[in-house]
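Asks: Sequence first, predicted coordinates after that:
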Amino acid sequence: MSVNYQFLTVVILGTVVAHYLANTAYNLFFHPLSKYPGPCFARFSAWPSFYHTARGDRHIWLWRLHQVYGPIVRYRHDSVAITTPEALRAIYDSSSNVRKSHSYNVWHKKAEAPNTFSSIDKTRHAQRRRILNAAMSDKTVKSAQGYVIKHTDRWLELLSTQKSEWSEPRNMCQWSDNLQFDLMSELCFGKPVGTMEPGENNLRSIPHDIAEWMWLTFRIMHSPFSDIWIWPKPRGLDALFARYMPKPIKHCMKFVEEGVAKRLDQEEQSDKNGEESERKDMFHYLFQAIDPDTGRRGWSRQDLLEEADMLTIAATDTTAAAIASAFFYLSRHKIAYEKLEKEICSTFPTADDIKIGPKLSGCEYLYAIINETLRMSPSGMSEFPREVLPGGIQVEGEYFPSGVNIGCAFYALFHSENVYGDPSIFRPERWLIGNGVSEADVAEAKKAFAPFSLGARGCPGKSLALMEMSMVFARLLHGYDFRFAPGDKTGEGDANMGWGRQNKRQYQTRDAFVPLRDGPVSEEQLPIRSTRKDSEYGVLRSRMSSGCEGHGDGGGRKRGEAVRWETLR
Ligand code: HEM
């Protein structure tokens, strides 16, 4: 029997086109989200969302869509962003009838072993999260303090020159990455990696590798082909990817695996010998964590590996980005800088007094600076999509049925004029009652603010991250000074950067789930790090001073003696 190939081709093509047209018509006119406004192309496809993900300006795009279409925007055929303070709570609250969207499946390294972050199934997640919470308690944060102080002090020592002059140019983004990575390696698996130390170190590229991996996965997550990626994952794709993954990602994975294996051996050995483990780091608590339901140790070797992997990634880039952003804002806002310096110096007689406790938590201005930094340049900018479960959900008076994706665009909400009035201005005072800011104003600002997200899927590392940030900036301003290099524009917005990116006094980042940073951001520089030489970046110059009592120049620095240095960017 002869086959008429021409006819067959026409039939196949015809079927594909008919399917596409039918799908488009369904999405435009009959889909449960069809009544919501949004750009025409986005209402029947995932391409516009993918396009902006690939450009790294997804957060700006969603912000703009809300300006044009209002608080509910259909930005993909199957998804809407509902960006109001009420929606934030309704969607992310623990009791909400949603779960993480199907697209989070792209984040598992092994489909059969999702970690706490990428678990979609609510029961499975709750089980893992209970164990993680037990391992990330206040006790863990307190035990982490010693490591944070050790690394911060060393970092500050390295940043300052021993002379009475400003230091040479320094890339503060790179330096924040190094601090955070050294710290997380120590906390997660007790491995001192010394990437902040001078000299060659092949681990120094790992924070950059992590960002590369995040960005690649984020693009897959928002691509129209994410389902095509997810389905074969447990059917061979994971194994194939593990074999052929880009070299930097392999480098990062190998580092974590080796660290975990070593640390696990130590813990198992101490356990066998009935000894108390010497190291009280995060891994120790992960290893020791008891599942409150079963009363037994919570995690297997594979689980521990997955969790440590996730924690290294979740903790490194987010906090490092926040530290780099705070540098940016403080160096451009002299009054805020001086107010903070005054608060720290009047609260703590010496740098050694800066420790967790009522004095530190009473530094209101310090926390206002941290809040304002995370509002202006949040470490999580996305809409964190959630799939509605059977039974549907009511948000902002609208009913959303099972199966659709909803989310609140965090960056857009933190830049809402309705809530913040002047969202483009770095104004830490908005978080403090007094000077024309009422209790109601602060309450309203807080209602729309959740940089660590909320509820059962909110960030378990929040206390640790806040402790680190407060420790870094309190110790920094207690003894040091910094400023940006005159004339340098790194990280600033610019008139040529398009809508939403023109603010010179805002740190510009790219959305890769975590912020890719190091601006100035130009379209042809993806990923944006690594293209500049160190000498082109900001500098830190140090000069001696008598610390908080006065900032005169002095001679060589001794321990406990305050040093002032400048960041020139
Ligand atoms: C400034 C620092 C940080 C910010 C702004 C931040 C923000 C967030 C946000 C917005 C989420 C929710 C993501 C989603 O729904 O998809 C999240 C989740 C998470 N974060 Fe953080 N984070 C920070 C630091 C950390 C640190 C230091 C750790 C660990 C030590 C950590 C561990 C996690 C984990 C494990 C999750 C997943 C939780 C779950 O799904 O149950 N984060 N974080």
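Replies: Done, it's in.

Asks: burial count for Arg375?
Replies: Neighbour count of Arg375, defined by other CB atoms under 10 Å: 24. Placement of C-beta: from N, CA and C, glycine included.

Asks: hmm, I was thinking of Phe384
Replies: Number of residues near Phe384 (other CB under 10 Å) recorded here: 18.

Asks: Let me see the backbone angles for it.
Replies: phi 40, psi 80 (degrees, to the nearest 10).

Asks: Nearest residue to it in space, ignoring adjacent ones along the chain?
Replies: Gly407 (5.5 Å; CB to CB, 6 or more residues apart in numbering).

Asks: any idea how far the one you found lies from Glu276?
Replies: Distance, Gly407 to Glu276, using CB to CB, to the nearest Å: 45 Å.

Asks: For the residue of the chain found nearest the ligand, which residues are in contact?
Replies: The ligand sits closest to Gly461 of the chain, with a gap of 2.1 Å, by CB to the nearest ligand atom. Contact partners of Gly461, counting by CB atoms under 8 Å, 6 or more residues apart in numbering, are Met136, Leu311, Ala314, Ala315, Thr318, Thr319, Phe452.

Asks: Most neighbours out of the residues you listed, which is it?
Replies: Ranked by the number of neighbours (other CB under 10 Å), the contacts of Gly461 place Leu311 first, at 27 neighbours.

Asks: residues in contact with that residue?
Replies: By CB under 8 Å, 6+ apart, Leu311 lies in contact with Met184, Cys188, Met282, Gly461.

Asks: switch the cut-off to 7 Å
Replies: Cys188, Met282 (CB atoms under 7 Å, 6 or more residues apart in numbering).

Asks: ok, now how distant is it from Tyr36?
Replies: Applying CB to CB to Leu311 and Tyr36 gives a distance of 37 Å.

Asks: Could you do Gln266 as well?
Replies: 54 Å.

Asks: Repeat that for Ala445.
Replies: From Ala445 to Tyr36 the distance is 27 Å (CB to CB).

Asks: swap in Leu360?
Replies: Taken as CB to CB, the span from Leu360 to Tyr36 is 45 Å.

Asks: got it, and Asp177?
Replies: Shown here: Asp177 relative to Tyr36, a distance of 39 Å by CB to CB.

Asks: quick one, which of these two is more surrounded?
Replies: Neighbour count, other CB under 10 Å: between Asp177 and Tyr36, Asp177 has more, with 30 against 21.

Asks: what sits against Met381?
Replies: His59, Phe410, Tyr411, Asp511, Pro515.

Asks: helix, strand or coil for it?
Replies: Under the three-state scheme (DSSP: H, G, I helix; E, B strand; the rest coil), Met381 adopts coil.

Asks: Number the chain from 377, please
Replies: Renumbered: residue one is now 377, and that last one reads Met757.

Asks: Report the separation between it and Arg886.
Replies: Distance check for Met757 against Arg886: by CB to CB, it reads 9 Å.

Asks: Same check on Leu441?
Replies: 18 Å.

Asks: So for stretch 750-768, what gets flagged as buried?
Replies: Residues of stretch 750-768 classed as buried: 750-764, 768 (neighbour count, 16 or more other CB atoms under 10 Å).

Asks: Now do Ala826: how many residues are near it, please.
Replies: Using other CB under 10 Å, Ala826 has 22 other residues around it.

Asks: cool, the one 3 residues further on as well?
Replies: Applying other CB under 10 Å, we find 17 residues neighbouring Ser829.

Asks: List the contacts of Trp589.
Replies: Ile625, Cys628.

Asks: please redo it, this time with the cut-off set to 8 Å
Replies: Contacts of Trp589 by CB under 8 Å, 6+ apart are Pro624, Ile625, Cys628, Ile689.

Asks: hmm, back to that, go through the contacts of Met757 and name the one nearest Glu576.
Replies: Among these, Pro891 lies closest to Glu576 (CB to CB), at 27.7 Å.

Asks: Tell me which other helices or strands the strand or helix carrying the closest one touches.
Replies: Element membership for Pro891 (DSSP states H and E) is strand 890-892. Counting contacts by 3 or more CB pairs under 8 Å, 6 or more residues apart in numbering; DSSP states H and E, strand 890-892 is packed against helix 582-597, helix 677-708.

Asks: Any part of the shortest one near the ligand?
Replies: No. With CB under 6 Å from any ligand atom as the criterion, the ligand is not reached by helix 582-597; the gap is at least 10.3 Å.

Asks: Specify the next element, helix or strand, located C-terminal of that helix.
Replies: helix 602-606.

Asks: show me where the chain has strands.
Replies: 448-452, 455-458, 474-476, 762-764, 769-771, 774-776, 781-783, 886-888, 890-892, 915-920, 939-944 (DSSP state E).

Asks: Mind putting these into JSON lines with distance to Trp807 and mean pLDDT?
Replies: Shown next, in JSON lines, are the strands of the chain (distance: least, CB to CB, whole Å; pLDDT from 0 to 100):
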{"stretch": "strand 448-452", "distance to Trp807": "28", "mean pLDDT": "98"}
{"stretch": "strand 455-458", "distance to Trp807": "25", "mean pLDDT": "98"}
{"stretch": "strand 474-476", "distance to Trp807": "29", "mean pLDDT": "98"}
{"stretch": "strand 762-764", "distance to Trp807": "27", "mean pLDDT": "98"}
{"stretch": "strand 769-771", "distance to Trp807": "27", "mean pLDDT": "98"}
{"stretch": "strand 774-776", "distance to Trp807": "31", "mean pLDDT": "98"}
{"stretch": "strand 781-783", "distance to Trp807": "25", "mean pLDDT": "98"}
{"stretch": "strand 886-888", "distance to Trp807": "24", "mean pLDDT": "93"}
{"stretch": "strand 890-892", "distance to Trp807": "21", "mean pLDDT": "91"}
{"stretch": "strand 915-920", "distance to Trp807": "28", "mean pLDDT": "36"}
{"stretch": "strand 939-944", "distance to Trp807": "24", "mean pLDDT": "38"}
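
Asks: Present those strands as TSV; the columns should include distance to the ligand.
Replies: Shown next, in TSV, are those (distance: least, CB to the nearest ligand atom, whole Å):
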stretch	distance to the ligand
strand 448-452	17
strand 455-458	14
strand 474-476	7
strand 762-764	8
strand 769-771	16
strand 774-776	18
strand 781-783	9
strand 886-888	12
strand 890-892	9
strand 915-920	22
strand 939-944	20
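
Asks: That concludes my questions; thank you for your assistance.
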